[in-house]
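1. any chance you could fold what I've pasted below:
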Amino acid sequence: MGHIDVSRARPPLRLWPGLVAAALLCLLRFVLPVILPDAFIVGILGAVVCALAILVWWVFFSRAAWTERVGAIVLIIIAFFLTKPLLDRSIATGMMGMMYPFYALPPVMAPLFVAWAVLTRGLSDGVRRATMVATIFLACAACLLIRTDGIIGSGSQLTWRWTKTAEERLLAKGEEPAAVPVNAPVTPKADAAPVVVEKPSAPPDMGHADSKLEPTGNTVSAPAASPLPRAREAEWPGFRGPSRDSSVGGVRINTDWSTSAPVQLWRRQIGPGWSSFAVTGDVFYTQEQRGEYEVVGAYRVSTGEPLWRHRDQVRFWESNGGPGPRGTPTISNDRIYTFGATGILNALDADSGARLWSRNVASDAEKAVPMWGFASSPLLIDGKVVVAASGRLVAYDARTGKRQWLGPSRPGSYSSPHLFTADGVQQILLLSAAGATSVSPADGALLWEQAWDGSGTTITQPALTGDGDILINAIGGTGGMGVRRLGVTHGPSGWNVTERWTSTGLKPYFNDFVVHNGHAFGFDGNILSCIDLADGHRKWKGGRYGNGQLILLADEDLLLVLSEEGDVALVKATPDQFTEVARFKALEGKTWNHPVLVRDTLLVRNGEEMAAFRLMLEGR
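-> This next block holds a predicted model:
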């Protein structure tokens, strides 16, 4: 009897299930997010499901030799673990470590593997197996060529690994203001995994009111300077304005931008960070990262000229948001209070940037640096500066820096403390994964709290309805869960909290919302939405602005929206329908920072650049 060629006797590969799954994967992962930017999560999860379907097809329905079926799986596992240590750290740590196995590898490996099966179906076993090994290792190696500069509403900002970041291009310019105060590094408490602290060293004793802040080894005193052109009272003292509600009164702008377009006053590069601005007179303050230094900078509103920079030798970085501080400075009289991403709370001289006192809030609050960094902006009340340390409020004497009190510890919060008055009693609110917590400004004692079951880490601010109630929100694993209206009263038995309604018509994620004329306006995911405060019912939904931010121009029934892509748009703040009035391009790149409008000047920034525009006022 003649020799039987087993390979030729084997049935041909069944390819159509793999082809269908690969085609569906490409549609979900690459086409769907272009058509529907809000559906990028669906695309990511869909790609993973399709990749698993391809795996099932190959193992059980492909008709390939079992040595090839099992060998492919073994090779994928080996290639995965061999390449993982060589990835750019942004890919290795992105999405809490899940970017490589769920985001980067499936859409590369799965379609290439199916393509290999199709193209080599008629070749000899030896050639097919050799090319299978090459395909698997090349698919994993392709992920070594990329990095991510963070997450945006439509997915990850993938780029070539060797391209310079915006921060590296800025540092290469070497531009500095005339006076650059440099202070000794402050070593934060033990970091969470994504945090990178560069060149830490022991700080001077800054934890007590009587600590002497004498220059240390790398401290340079700021030269004497005349007072900066600050206003007697800051027009925009800090995060989201005087009342932390992103509302501007007493300003009416010309909305016909076809004839009275905004005029750019200046534009300049800036280090990464998600800080907004604090403005007084012709000076504004913001926070940024420049290499190994976390920086607080003072600039002229009229020209963008840098006036001084305070630097702390510490660096925060994580893959989704990138490097830099998250909080916004707060102005109070002749001082600036800033809270950095690793927990450094500074009191600085507003004219020179000289450090008056500093505290390590992470140590004081007994909290580790959270995954996305400390993001609270300081609140000034009754001679105290209050910050939120990942769910725990901490108060310090604003003059001396001495710790005054610690609030109750709650989990998961990137929100800032918020003032609220109920039945004549002033209190400080904080949103967290536990819900809403209220404490006394005098001693931090718990007044009341309201749980929101199933909620996760909270990012946004509460809002006040104007008639004594509060609007809070919560987020889950895939985004916002909704908005809830609470009524708070004080009776003989203590504080009473009543849930009036919960609405899914407005589901903020990390975009704040505003209240105007009995309605709330904000982002439902990536789309603007309006709900009625009487019952929480949605009035309209429209306009795609990504993960943007907004300001209310209350006198004009207008929303000034800064989109995630850097567009500035005017939208009517009325409940009848969504109406966009005007739009122009202000910035390039991912923009999560809150805009600021002071008088006729609009200040905008992101992690790469900042700019000022003059808006024509109505009647001029």
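
2. quick one: buried residues of stretch 565-580?
-> Burial within stretch 565-580, assessed by neighbour count using 16 or more other Cβ atoms under 10 Å, is assigned to 565-575, 578. Backbone N, C-alpha and C define where each C-beta goes, glycine included.

3. out of those, which sit inside strands?
-> Among the buried residues of stretch 565-580, the ones falling in strands (DSSP state E) are 567-572.

4. can you classify the closest residue to T478 other than its chain neighbours by secondary structure?
-> Closest residue in space to T478, ignoring its immediate chain neighbours: I41 at 6.1 Å, by Cβ to Cβ, 6 or more residues apart in numbering. Taking DSSP: H, G, I helix; E, B strand; the rest coil as the rule, one finds I41 in the helix state.

5. leaving out chain neighbours, which residue sits closest to G607?
-> P272 (3.9 Å).

6. just the pLDDT for that neighbour.
-> Looking at P272, its pLDDT reads 97.

7. ramachandran angles for it?
-> Dihedral pair for P272: phi -70, psi 160, per degrees, to the nearest 10.

8. which residues does it contact?
-> The contact partners of P272, by Cβ atoms under 8 Å, 6 or more residues apart in numbering, come to 166-167, 288-289, 322-324, 607-608.

9. neighbours of A261, just the number please.
-> 14 (other Cβ atoms under 10 Å).

10. please confirm that it is located within a helix.
-> No: counting by three-state DSSP, A261 is not part of a helix but coil.

11. tell me where the stretch 151-300 of the chain has strands.
-> For the stretch 151-300 of the chain, the strands defined by DSSP state E, counting those that start in this stretch cover 155-160, 182-183, 247-248, 263-269, 278-280, 283-290, 293-300.

12. how about those strands, which one is nearest K384?
-> Ranking the strands of the stretch 151-300 of the chain by proximity to K384 (Cβ to Cβ) places strand 278-280 first, at 17.9 Å.

13. and the closest one, what does it pack onto?
-> Contacts defined by 3 or more Cβ pairs under 8 Å, 6 or more residues apart in numbering; DSSP states H and E place strand 278-280 against strand 283-290, strand 330-332.

14. which strands and helices sit next to the shortest one?
-> Read it as strand 330-332. strand 278-280, strand 335-339, strand 379-381.

15. buried residues in the helix or strand harbouring L75?
-> Assigned by DSSP states H and E, L75 falls within helix 66-83. By neighbour count with 16+ other Cβ under 10 Å, helix 66-83 contains the buried residues 68, 71-72, 75-76, 79-80, 83.

16. tell me the one of those nearest G444?
-> Nearest to G444 out of the buried residues of helix 66-83 is F80 (Cβ to Cβ; 48.6 Å).

17. once you drop chain neighbours, what's closest to that closest one?
-> Excluding the flanking residues, the one nearest F80 by Cβ to Cβ, 6+ apart is C140, at 6.3 Å.

18. burial count for that neighbour?
-> 25.

19. what do you get for G250?
-> Residues near G250, counting by other Cβ under 10 Å, number 8.

20. which other helices and strands contact the longest strand along the chain?
-> Taking DSSP E as the criterion, the chain has its longest strand at strand 479-491. Applying 3+ Cβ pairs under 8 Å, 6+ apart, we find strand 479-491 packed against strand 418-422, strand 469-476, strand 494-503.

21. how about low-confidence regions in the chain?
-> Applying pLDDT under 70 to the chain flags residues 1-10, 37-38, 154, 176-226, 620.

22. most centrally placed residue in it?
-> G321 (5.6 Å; Cα atoms, centre = their mean).

23. show me the contacts for that residue.
-> Taking Cβ under 8 Å, 6+ apart as the criterion, G321 is in contact with 150-151, 274, 372-373, 592.

24. now the two most distant members of the buried residues of stretch 565-580.
-> G566 and P575 (28.0 Å).

25. where do the helices sit along the chain?
-> 6-9, 16-26, 32-35, 40-56, 66-83, 89-97, 106-119, 125-142, 166-173, 361-365 (DSSP state H).

26. for L560, which of the ones you listed is the nearest?
-> helix 166-173 (25.1 Å).

27. helices or strands up against that closest one?
-> Contact analysis of helix 166-173 by 3+ Cβ pairs under 8 Å, 6+ apart lists strand 263-269, strand 283-290 as its packing neighbours.

28. the shortest one: partners in the sheet, and parallel or antiparallel?
-> Each strand that pairs with strand 263-269, with its direction, by DSSP bridges: strand 609-614 (antiparallel).

29. which residue, other than its chain neighbours, is closest to L105?
-> Nearest residue to L105 in three dimensions, chain neighbours excluded: C143, at 6.1 Å (Cβ to Cβ, 6+ apart).

30. can you count the residues close to that neighbour?
-> The number of residues near C143, taken as other Cβ under 10 Å, comes to 23.

31. which residues are in contact with it?
-> So C143 contacts 83, 87, 91, 100, 104-105, 108 (Cβ under 8 Å, 6+ apart).

32. please repeat the previous calculation with a cut-off of 10 Å.
-> 80, 83-84, 86-88, 91-92, 99-100, 103-105, 108-109, 161 (Cβ atoms under 10 Å, 6 or more residues apart in numbering).

33. D88 versus that one, what's the distance?
-> Per Cβ to Cβ, to the nearest Å, C143 is found 9 Å from D88.

34. which residues do the two both contact?
-> By Cβ under 10 Å, 6+ apart, the residues touching both C143 and D88 are R161.

35. one step back: buried residues, the longest strand of the chain. List them.
-> Here strand 479-491 shows 479-486, 488 as buried, counting by 16+ other Cβ under 10 Å.

36. and the residues you listed as a markdown table, adding distance to R403?
-> Putting those into a markdown table (distance: Cβ to Cβ, whole Å) gives the following:
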| residue | distance to R403 |
| --- | --- |
| G479 | 36 |
| G480 | 34 |
| M481 | 34 |
| G482 | 36 |
| V483 | 34 |
| R484 | 33 |
| R485 | 35 |
| L486 | 30 |
| V488 | 28 |
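
37. of these, closest to A117?
-> G479 (37.0 Å).

38. can you pull the contacts of the nearest residue to the closest one once chain neighbours are set aside?
-> Excluding the flanking residues, the one nearest G479 by Cβ to Cβ, 6+ apart is Y509, at 4.9 Å. By Cβ under 10 Å, 6+ apart, the contact set of Y509 is 153, 459-460, 473, 475-476, 478-481, 523-526, 547.
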